[in-house]
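Peer 1: Next come a sequence and a model predicted from it.
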Amino acid sequence: MGFRAHEARANAVGEVHARPHPLIETPRNLIQLAFMTEGGSTVDHAVLAELSRRLGVAPPDRQARHHAMKWGRGTLRWERHTEFSTYLWEGPPSAPGEDDETPFGAGFSAPGLVISGVRLEIRPWTEANEARISGFDPASLCHSIVENGMAAAITDFRQDGEGVTRILLLDKGLAPARIGALAQRLIEIETYRTLAMLGLPLAQSLSPRMRRIEDRLASITGQMRNAAGRHNQDMLAELTELAAELEADAASSLYRFGASRAYHGIVEERLAALGEEPAPGGESWSAFLQRRVAPAMRTCRSIEERQANLSRKLARAATLLRTWVDVEVEQGNRELLASMNRRAKLQLRLQQTVEGLSVAAVSYYVVGLVGYLAKGSSLFGDLVKPEVLTAALVVPVVLGVWWMVRRIRSRHGGDSD
């Protein structure tokens, strides 16, 4: 309408249309591989550029996060996510004894480590296709009726000989848009389920290390109760090391546990959107995953809570020890100040003694000089003998020297103030 638009408006408006559901008609095969690509989209774009070169088409823009291209009789769709990327090939089923014309052959360069693989087969709901259910493991078979009875989703969440999870979708005549949406939900459930489970090995590796920190904390707090044999400085140093180790583990696991929570939330959303009902004698996808995946997610949450609680306990113990250390330091400072005060008093007494001796010494020399002057110059003639004069001057000279020393000391004391 001619108004100036926000710089992010185009991305915000277009995001809801960024990944539309493919229109899929029965029968169809879908194969999706998910690769961990934490290093960024550079490798993905290199793979797509090579595939585009082989097809003789233009590669996608380097800023693109999704792209689609024709491949054989089907379509290859690429999507870039936060820490992984997916490559989905969708095409018609091949003839018996032939392989699907997928791009994942010898010439395909994987952009990273594969984390998930799904093979979704969409077939009409017939008795012949129902017989395919017998090919799944009955011990973990999940068979749900979805789309108000118009489709059935079957899987055992096990990997086949090629390492991918097989899903069978039986269709009673759904529209292509509804089949596409349903197929995308089923594939995302398996993909995000696998990604959510990545937090479990990390949680299992952190558990014994946290147990060791908890045991050491219990030992240190037990020593803190014994005031006689307590070494506060050593215990505080050890507590600081334990806290640093715990914080390092918490920082390294922060992203993984947060991602697991987010992925598990997506799985629950997709399961709720299925609106499934378990087939007679079968188990629903939700019930199976709730029993198998939920305990792993609780383990991850438990480790996070233990990390937070242990961090608070270490902080409280360190604060208490630091308080005791401060008290010890203050007590040592008080003793040091008292010792310095005693030394200052001794120094003052010594100074006073030295001043007394200096008064006597100076008075002695002054009286001696006057006596020598009287003897040598005969200043008073025979009226006053030098010895008498010298004796008479002793007291005034001593008093004068003492007064002069006191005045000098008082002046220096005033300058220092």
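Peer 2: Nice, I can see it. Numbering: from 1, shown residues only.
Peer 1: now the helices: where do they sit in the stretch 51-200 of the chain?
Peer 2: For the stretch 51-200 of the chain, applying DSSP state H, counting those that start in this stretch gives helices covering 127-130, 176-196, 199-224.
Peer 1: highest average neighbour count across the ones you listed?
Peer 2: Mean neighbour count (mean count of other CB atoms under 10 Å) peaks for helix 176-196 among the helices of the stretch 51-200 of the chain, with a mean of 21. Using the backbone N, CA and C atoms, a C-beta is placed for each residue, glycine as well.
Peer 1: any idea which helix is longest in this protein?
Peer 2: When the chain is parsed with DSSP state H, its longest helix is helix 294-377.
Peer 1: any idea how far it is from the chain center?
Peer 2: From the chain centre to the centre of helix 294-377 is a distance of 42 Å (CA atoms, centre = their mean, to the nearest Å).
Peer 1: Could you shift the numbering so residue one becomes 682, and keep it that way?
Peer 2: That works, and once the first residue is 682, the last one we named lands at helix 975-1058.
Peer 1: That helix vs helix 857-877, what angle?
Peer 2: Put simply, helix 975-1058 runs at 40 degrees to helix 857-877, going by axes from the mean of the first three to the mean of the last three CA atoms, to 10 degrees.
Peer 1: after helix 975-1058 comes which helix or strand?
Peer 2: Going down the chain from helix 975-1058, the next helix or strand is helix 1067-1097, by DSSP states H and E.
Peer 1: how far does that following helix sit from the chain's center?
Peer 2: Using CA atoms, centre = their mean, the mean C-alpha position of helix 1067-1097 is found 78 Å from that of the whole chain.
Peer 1: which helices and strands does the longest helix of the chain pack with?
Peer 2: Contacts defined by 3 or more CB pairs under 8 Å, 6 or more residues apart in numbering; DSSP states H and E place helix 975-1058 against helix 880-905, helix 913-955, helix 1067-1097.
Peer 1: Any chance of those helices in CSV with mean pLDDT as columns?
Peer 2: Below are the helices and strands packed on helix 975-1058 laid out as CSV (pLDDT from 0 to 100):
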stretch, mean pLDDT
helix 880-905, 91
helix 913-955, 91
helix 1067-1097, 74
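Peer 1: Can you say which of those is nearest to Arg754?
Peer 2: For the helices and strands packed on helix 975-1058, proximity to Arg754 was assessed by CB to CB; helix 913-955 is nearest, at 28.4 Å.
Peer 1: picking that back up, so which of the helices and strands packed on helix 975-1058 gets nearest Ala858?
Peer 2: Proximity to Ala858, assessed across the helices and strands packed on helix 975-1058 by CB to CB, is greatest for helix 913-955 (14.5 Å).
Peer 1: tell me the angle the closest one makes with helix 857-877.
Peer 2: Using the same axes, to 10 degrees: helix 913-955 against helix 857-877 is 160 degrees.
Peer 1: now for the helices and strands packed on helix 975-1058, which one comes closest to Glu811?
Peer 2: The minimum distance between Glu811 and the helices and strands packed on helix 975-1058 falls on helix 913-955, with 19.6 Å, by CB to CB.
Peer 1: Can you say which of the helices and strands packed on helix 975-1058 is nearest to Val799?
Peer 2: Closest of these to Val799 is helix 913-955, at 13.0 Å (criterion: CB to CB).
Peer 1: Name the next helix or strand following the closest one along the chain.
Peer 2: From helix 913-955, the next helix or strand downstream (DSSP H and E) is strand 958-959.
Peer 1: what pairs with that following strand, and is each one parallel or antiparallel?
Peer 2: Take DSSP bridges as the rule and strand 958-959 pairs in its sheet with strand 823-827 (antiparallel).
Peer 1: Other residues contacting the strand it pairs with?
Peer 2: Residues outside strand 823-827 that contact it (CB atoms under 8 Å, 6 or more residues apart in numbering) are 814, 832-838, 863, 955-960, 963-966, 969.
Peer 1: can we see that at 10 Å?
Peer 2: By CB atoms under 10 Å, 6 or more residues apart in numbering, the list of residues contacting strand 823-827 from outside reads 814, 817, 832-838, 848-851, 855, 863, 866-867, 952, 954-970.
Peer 1: Please apply the same query to stretch 955-968.
Peer 2: Here stretch 955-968 makes contact (CB under 10 Å, 6+ apart) with 814, 819, 821-830, 832-836, 838, 848, 863, 866-867, 870-871, 874, 948-949, 951-953, 969, 971-972.
Peer 1: Narrow these to just the buried residues.
Peer 2: Among these, those classed as buried by 16 or more other CB atoms under 10 Å are 814, 822-828, 832-836, 838, 848, 863, 866-867, 870-871, 874, 948-949, 951-952, 969.
Peer 1: surely Leu850 meets Ile835?
Peer 2: Yes. Leu850 is in contact with Ile835 according to CB atoms under 10 Å; the separation is 7.7 Å.
Peer 1: overlap in contacts of those two?
Peer 2: Joint contacts of Leu850 and Ile835 (CB under 10 Å, 6+ apart) are Glu802.
Peer 1: quick one: contacts for the nearest residue to Cys981 once chain neighbours are set aside?
Peer 2: Once flanking residues are discounted, Cys981 sits nearest to Gly880: 4.3 Å by CB to CB, 6 or more residues apart in numbering. Residues near Gly880 by CB under 10 Å, 6+ apart: 934, 936-942, 944-945, 977-978, 980-982, 984-985.
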